[in-house]
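Asker: quick one, what's the 3D model for this:
(chains A, B and C)
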Amino acid sequence: MKKLNVILLSTLFTAISVQTIAKEFVLTDTKADIFVGNWSITNKDMNISDKAFKIENKVLVGGKQHGSEVITLTSEDFSLSVSPTRGMSILSAKGNGVRIGWDSPIDEVVNPAYINLESRGGLGWLDGFNEMMVRCGFEWTGHPVVVDGRTYSIHGRAGNTPASNVVINIEEMPPYTIKIRGLIKENTFKNSKLETQTELRYVPGTHSFTVHDVLTNQSDYAKDYQIIYHSNFGTPLLEEGAQFFAPVKEISPFNEYAVKGLKNWKTYSAPTKHFDEEVFNLVLLAENTGQTMAMLSNKANDKAVLMEFNLNQLPVLSLWKNTDTLKQGYVTGIEPGTSFAYPVTIEKAHGRVKQLQPGEKTEFTLIYTLLTNNHDIKHYQDRINNIQKQARTNVIEKPILMQ
Amino acid sequence: MKKLNVILLSTLFTAISVQTIAKEFVLTDTKADIFVGNWSITNKDMNISDKAFKIENKVLVGGKQHGSEVITLTSEDFSLSVSPTRGMSILSAKGNGVRIGWDSPIDEVVNPAYINLESRGGLGWLDGFNEMMVRCGFEWTGHPVVVDGRTYSIHGRAGNTPASNVVINIEEMPPYTIKIRGLIKENTFKNSKLETQTELRYVPGTHSFTVHDVLTNQSDYAKDYQIIYHSNFGTPLLEEGAQFFAPVKEISPFNEYAVKGLKNWKTYSAPTKHFDEEVFNLVLLAENTGQTMAMLSNKANDKAVLMEFNLNQLPVLSLWKNTDTLKQGYVTGIEPGTSFAYPVTIEKAHGRVKQLQPGEKTEFTLIYTLLTNNHDIKHYQDRINNIQKQARTNVIEKPILMQ
Amino acid sequence: MKKLNVILLSTLFTAISVQTIAKEFVLTDTKADIFVGNWSITNKDMNISDKAFKIENKVLVGGKQHGSEVITLTSEDFSLSVSPTRGMSILSAKGNGVRIGWDSPIDEVVNPAYINLESRGGLGWLDGFNEMMVRCGFEWTGHPVVVDGRTYSIHGRAGNTPASNVVINIEEMPPYTIKIRGLIKENTFKNSKLETQTELRYVPGTHSFTVHDVLTNQSDYAKDYQIIYHSNFGTPLLEEGAQFFAPVKEISPFNEYAVKGLKNWKTYSAPTKHFDEEVFNLVLLAENTGQTMAMLSNKANDKAVLMEFNLNQLPVLSLWKNTDTLKQGYVTGIEPGTSFAYPVTIEKAHGRVKQLQPGEKTEFTLIYTLLTNNHDIKHYQDRINNIQKQARTNVIEKPILMQ
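Answerer: Purely as a prediction, here's the structure:
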């Protein structure tokens, strides 16, 4: 186990540059031939006494999860798990007894070695999908499409790419910020050299975590990219009467099936047989900085998950209402992205596929916060309402799909 | 290693409920994070002195079998091997020096991580096929077909699904019945949650073993299922002059190529170059209970494998005569199933695709017995002849295929 | 670790049969359940004092290379690495500070478990391609093509097939020849039983290594085969002004794009954006024995890689000029083969697909030599020029492609 004392420069989001002492633990490094496997560390191991936390890495065994790694971070009443083997996806989080995540029919953390993304006509991704947050991208995303005999499988490859480099960085002074970093390489000769340095930031004791990804086009050619942060929530946040809050500039149904859902798109049904899924394409309003937010709140409005992000990074949002039965997967997706979930061909035609120049980087930041009292929830709802004052929601009754 | 003393209820097939003391050894449990790997136990380890047996689990290494597990059970002159990694398939058995199984060109126990079921136009399953018994199902089975761009690969996924839970259960009192259980999950979001609790039962010292599978539709929707128990036998049972015995109500050729084989479909040729394969669709007759049997017997009629099963569970049977050269795979398949081997689309159109309601279970029981003396073989042939008295075999000269 | 003292018969290439004492180290044997994993040996371990060498086997970890093995052989100023997991491909070599190999955008030794050869319309091979020499074959090779719904993926399966048997053989007397052997099985029921016993031979202290493969059709039927020894070189051998030397009987452009490259096909450009790739089909001239050679030499003509092979074994050669940018993969392929790189259907139609009868073997020998002084390079250029005297190069201006 390599321990490195590193001097970290302040992040992009800190106004004043402060040098921080942190310890770095390399769990995986393909270049240095490091794969630590089962491992754990606590605040005590670091001689920290005023804040309790534990980070544990585990190599799962058996079935289709054989060899998959899961990092679990716990602090006080909060926990969070991430799978390096599954593209640094966030499996679930929990705070104050409230789970952020959902129950998929897939109850293993499937090793991508057992997944064929192109199976079922490009729907092989569904064999492993059970995360609270999975990155859909970056080479392409969206529903599958076949172009000239080549399949663009649903939601791309990143979520089924084992991380090449996994590092835990723990600050040695308050607030002891913990960073879980993983490098996801989408490298294919003549096609792609998109590398994503993912980072999950958590301050022990809080109910909030930040995803901060830096995507770099490592190739010498301009390359298209797409990303959807597929963020998924089931019970107990999702329930009959649960509500979606966001400042919405425009909404349209993804397809004909979703049209009927427009009349009550902000509220959720109980688990409903044959509901299947309704998807809506949303464009949000934002504060001057581009910062905006979306929230899922339970019926009593005393439990919610808040997502904060920036429209300059993630201009559109897919709202996925999959309030089918519990066993089928009772879940809603709040999915900020550069694209909607249409096939890449359609997104391209609509001008929603972005490009990175050679060597160019772009970054994405999302803050997820668990709120467990009505007062805090109302505070953010007020802020959302305030942004909404900029304009009324334009409801487009027909799918915008162009093929 | 977890050892649990469990009280087992009598099985469904025991008339009187008797409680039995047994020891249970968990080899794999994805939920409890157990993967024992190399392991063995003997009767002595269990303080059993009046019956010798050994069970050994081994993780294979190298080539495309790297990581595949094989459980081998031996008792007196009998042995049996099962691969948890390959869907609890039975690799082969042997009793009194007589092998039940065959020699496939594939001489490794291929880890499904190295198999792409959709390769070669849906024939990727052929990269691993070498078992004595492989479950073809359960989401679909049969020859490959592409529907709306989605490939239904040959014989489904079960045989290439690593077991999520593997347990060895050994009764501590005579007859010391050994059960090898494995849970196969065919879980895909929005598509399938078919789980099969497989069980292989063996009484030490005998020449017989029972496959008992319970298939459960764990989803909230009615789901189609199909199963073919692809049971395959080569030398020494299969040889020139070997014969197939079963009470047959109706037989038809699978395709035009098999038509010419109708004239001597009950007897087998020596290994024959360019024979390729002849497949016949059989409907059997049965006793009142639905119980019936099929047998492959060698030329001298002193070595045979008997299969007993119930038409209420497995109404049809495919007879696969692949008496090609030894290296090509000299083998016959006696394959009771819910379906013939036509693509799922055809089986569906013919009404042979069954359905399970939400939460519904169904079970399948097959008893395989090695017979090594003419007297025993004659006994079962008499029973087969007796059932055959119900009706003459209706020979349909043309393939029933409807497309 | 098994150590076997074996008596080796002289090779096919030694005129007089001399018995040699050698030690054999089995790293992998699927039949004997051997997988040694991390391992190394030096001349000292073998009580050899007059020649230094070290052979090391390492199991890589992390990312998509998790579980891939790499054997590295070093002696004095020379080193060489081979990956058993990737079909015994040669990753790179280095002598006197000069690298033989290239920099692919893929910087991991990808475990085939993470590769779907049929992805991207049959271009999945590009997810792992970074070797100095990868065998493209043997069941088929060339650009992908779909025939009756079956995809022939680019360059076949051998390069993504983990070796079933890996043996290091070291002679105990001068010149202490080291042989790295690996068995590659392309076995698919009813399709293929082509087995290739690969051998890499190296005499410690030299700058040369020999690939000697024996391909056997283990099936009872005549089987087509194809092979292209895809040998790839980047910097420092490849550079602006680097040159290709070979006695060429005939050259034609692979496609329309390559036509414009005919005017200076023997020289190489600097890394050039948008160059993409030019491929040329070459038929070489040879000495009486069929022996011939091809060479890549740098601009100063003081560093070169020489390839020697026999037209009776490898009648055609593809010259792949991929002098695109460094990050895109600045590389040239000198690829002797039985076929050009057209899809198997086209190669078949042109009569370039060979066949092996049942049990028949064929062999391929290629010698790679690093030359690091102008005198040696000139010597071989003279030999090439001498062979070229047989005929002028016939330049065919149009692609020979027939579809």
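Asker: give the next helix or strand downstream of the helix or strand that residue A:306 is a member of.
Answerer: Here residue A:306, judged by DSSP states H and E, is contained in strand A:304-310. Sequence order places strand A:316-323 as the next helix or strand after strand A:304-310, per DSSP H and E.
Asker: model confidence over that next one, on average?
Answerer: Across strand A:316-323, pLDDT averages out at 98.
Asker: for residue A:135, which non-adjacent residue is spatially closest?
Answerer: residue A:158 (4.6 Å; Cβ to Cβ, 6 or more residues apart in numbering or on different chains). No exception for glycine: its C-beta is placed from N, CA and C like everyone else's.
Asker: er, residue A:35 I mean
Answerer: Counting by Cβ to Cβ, 6+ apart, the residue nearest residue A:35 is residue C:61, at 3.3 Å.
Asker: go ahead and confirm the one you found touches residue A:32.
Answerer: No - here residue C:61 does not reach residue A:32: they are 9.7 Å apart, not a contact under Cβ atoms under 8 Å.
Asker: compare neighbour counts for the two and give me the winner.
Answerer: residue C:61 (18 against 12; other Cβ atoms under 10 Å in any protein chain shown).
Asker: and the more buried one, how far is that from residue B:297?
Answerer: 53 Å (Cβ to Cβ, to the nearest Å).
Asker: before we move on, what about residue A:41?
Answerer: Distance from residue A:41 to residue B:297, by Cβ to Cβ: 65 Å.
Asker: between those two, which one's more packed in?
Answerer: Between residue A:41 and residue B:297, counted using other Cβ under 10 Å, the more crowded position is residue B:297 (24 against 18).
Asker: tally of neighbours for residue A:239?
Answerer: Residue A:239: 18 neighbours (other Cβ under 10 Å).
Asker: beta-bridge partners for the residue nearest to residue A:304 when sequence neighbours are not counted, please?
Answerer: Nearest non-adjacent residue to residue A:304, counting by Cβ to Cβ, 6+ apart: residue A:297, 3.8 Å away. For residue A:297, the beta-bridge partners are residue A:243, residue A:304 (DSSP bridges).
Asker: residue A:297 and residue A:238 touch, don't they?
Answerer: No - between residue A:297 and residue A:238 there is no contact under Cβ under 8 Å: 10.0 Å.
Asker: give the contact list for residue A:143.
Answerer: Contacts were defined as Cβ atoms under 8 Å, 6 or more residues apart in numbering or on different chains; by that measure residue A:143 touches A:154, A:341, A:342, A:343.
Asker: can you put those in TSV and add neighbour count?
Answerer: Listed next are the contacts of residue A:143 as TSV, based on neighbours: other Cβ atoms under 10 Å in any protein chain shown:
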residue	neighbour count
A:154	24
A:341	23
A:342	26
A:343	22
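Asker: tell me the SS of residue A:399?
Answerer: Of the three states, residue A:399 takes coil according to DSSP: H, G, I helix; E, B strand; the rest coil.
Asker: run a quick neighbour tally on the nearest residue to residue A:191 once chain neighbours are set aside.
Answerer: In this structure, residue A:191 finds its nearest non-sequential neighbour in residue C:126, 6.4 Å apart by Cβ to Cβ, 6+ apart. When neighbours are counted by other Cβ under 10 Å, residue C:126 registers 22.
Asker: wasn't residue C:126 part of a helix?
Answerer: Yes - counting by three-state DSSP, residue C:126 falls inside a helix.
Asker: that one reaches residue C:119, doesn't it?
Answerer: No - with contact defined as Cβ under 8 Å, residue C:126 does not reach residue C:119; the gap is 9.0 Å.
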